[in-house]
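Peer 1: For reference, the sequence and a predicted model appear below.
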Amino acid sequence: MGHHHGHSHGHSHSHGSENKKALFWSFLLITAFMVVEVIGGLATNSLALLSDAGHMLSDAVALGLSLFAIKLGERQASRTKTYGYRRFEIIAAAINGVTLIAISLYIFYEAYHRFFNPPEVQSTGMLLISVLGLVVNIVAAWILMKGDKDENLNVKSAFLHVLGDMLGSVGAIAAALLIMFFGWGIADPIASVVVSILVLISGWRVTRESFHVLMEGTPSQIDVQKVKASLQNIPLVKEVHDLHIWSITSELTMLSCHMAITGEGNHDVVLLHAQSVLHNDFGIEHSTIQVELVDNGCPSPHGTCN
């Protein structure tokens, strides 16, 4: 008896336009203010402002990349790109994460020198620009929250950039007030180090998550053993083997496996039951399942039936 393959497919594009809109407006807002903050940082001689501007530059790049990734992801699959271009979203998220880590390390380096020789900082200008920066970041974060940040790794990475910026603005405000009222010039590099630590943490998280997807890792919300047990509990199924679960993007989970059934089992009935279990219990819409008779032995070249 031949082997049967079952495919179930479903796409979720409901948040696509919201994500694009959120990323576009955030990109415009962040880019415009980044220019203001660079000029302000140079004029006031504030490392806290310049570090925040550096983070905003990475934000602008991150948001631009994210927007480009979503647009590219809409392109249809081709003969050479059978999954289309949707995985570029994960590549963009990885670039964002690595950029965050690099910027935070550079700020650490700059702050180190300022600890030994705190420069004169114009606290009034620094305070005005950092308050304005906080307002801009709150608006950008609010725009991105309307997107699909909990499900889409790309939007999530952009949101984390903006959140880090918001904290950076708070740090710059605190430093400006300390310099203004107490003359603590060292508050400026301290604020920049605090921002760097926050940036480093968010950058590491995004990088780790995106690399996990790129390495075909099992999605964190799915327990492989539970999936296997559920499929093996289907009547007349004797064995599930060669089970693989991975993601194309953070929103598109894939599964492939072999299911060995007894001679009384009906291929199509078992297949339909399996697809139903995957959809209802685990939210897996895309599956390729090979059903084979247990009497025919293990066709797997790796011999992983047992």
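Peer 2: Received, thanks.
Peer 1: Sheet-wise, list the partners of the longest strand along the chain with their directions.
Peer 2: Longest strand in the chain, counting residues (DSSP state E): strand 237-249. Strand pairing for strand 237-249, using DSSP bridges, gives strand 252-261 (antiparallel).
Peer 1: those strands in the chain, which residues are they?
Peer 2: 4-8, 237-249, 252-261, 286-293.
Peer 1: export the ones you listed to CSV and tack on distance to residue 72?
Peer 2: C-betas here are computed from N, CA, C, even on glycine. Converted to CSV, the strands of the chain look like this (distance: least, Cβ to Cβ, whole Å):
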stretch, distance to residue 72
strand 4-8, 25
strand 237-249, 12
strand 252-261, 15
strand 286-293, 20
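Peer 1: Highest mean neighbour count out of those?
Peer 2: strand 252-261 (a mean of 21; mean count of other Cβ atoms under 10 Å).
Peer 1: Can you say which of the strands of the chain is nearest to residue 166?
Peer 2: strand 237-249 (26.5 Å; Cβ to Cβ).
Peer 1: mean confidence for that closest one?
Peer 2: Strand 237-249 carries an average pLDDT of 91.
Peer 1: Please apply the same query to stretch 171-184.
Peer 2: Stretch 171-184 comes out at a mean pLDDT of 88.
Peer 1: what does stretch 118-138 give?
Peer 2: Mean predicted lDDT for stretch 118-138 stands at 87.
Peer 1: And stretch 96-109, by the same measure?
Peer 2: Computed over stretch 96-109, the average pLDDT equals 86.
Peer 1: tell me which residues of it are tucked away?
Peer 2: 96-101, 103-104, 107-108 (16 or more other Cβ atoms under 10 Å).
Peer 1: Can you give me the buried ones in stretch 127-137?
Peer 2: 127, 129-130, 133-134, 136-137.
Peer 1: Tell me how many other residues crowd residue 212.
Peer 2: By other Cβ atoms under 10 Å, 17 other residues sit near residue 212.
Peer 1: What separation do you get for the closest residue to it other than its chain neighbours and residue 208?
Peer 2: Leaving aside its sequence neighbours, residue 212 sits nearest to residue 220 (Cβ to Cβ, 6 or more residues apart in numbering; 7.7 Å). According to Cβ to Cβ, to the nearest Å, residue 220 and residue 208 sit 11 Å apart.
Peer 1: Over to residue 87?
Peer 2: 17 Å.
Peer 1: So between those two, which is more surrounded?
Peer 2: Remark: of residue 87 and residue 208, residue 87 carries more neighbours, 19 against 11, as counted by other Cβ under 10 Å.
Peer 1: which residues touch the closest residue to that one other than its chain neighbours?
Peer 2: Distances taken as Cβ to Cβ, 6+ apart put residue 248 closest to residue 87, at 5.6 Å, once the chain neighbours are dropped. Residue 248 makes contact with 83, 86-87, 254, according to Cβ atoms under 8 Å, 6 or more residues apart in numbering.
Peer 1: now residue 124
Peer 2: 176, 180.
Peer 1: How much space separates the nearest residue to residue 49 once chain neighbours are set aside from residue 57?
Peer 2: Take residue 49 and drop its neighbours on the chain: the residue closest to it by Cβ to Cβ, 6+ apart is residue 41, 3.6 Å away. Remark: distance between residue 41 and residue 57 (Cβ to Cβ) = 11 Å.
Peer 1: How about residue 139?
Peer 2: 18 Å.
Peer 1: With residue 176 instead?
Peer 2: From residue 176 to residue 57 the distance is 21 Å (Cβ to Cβ).
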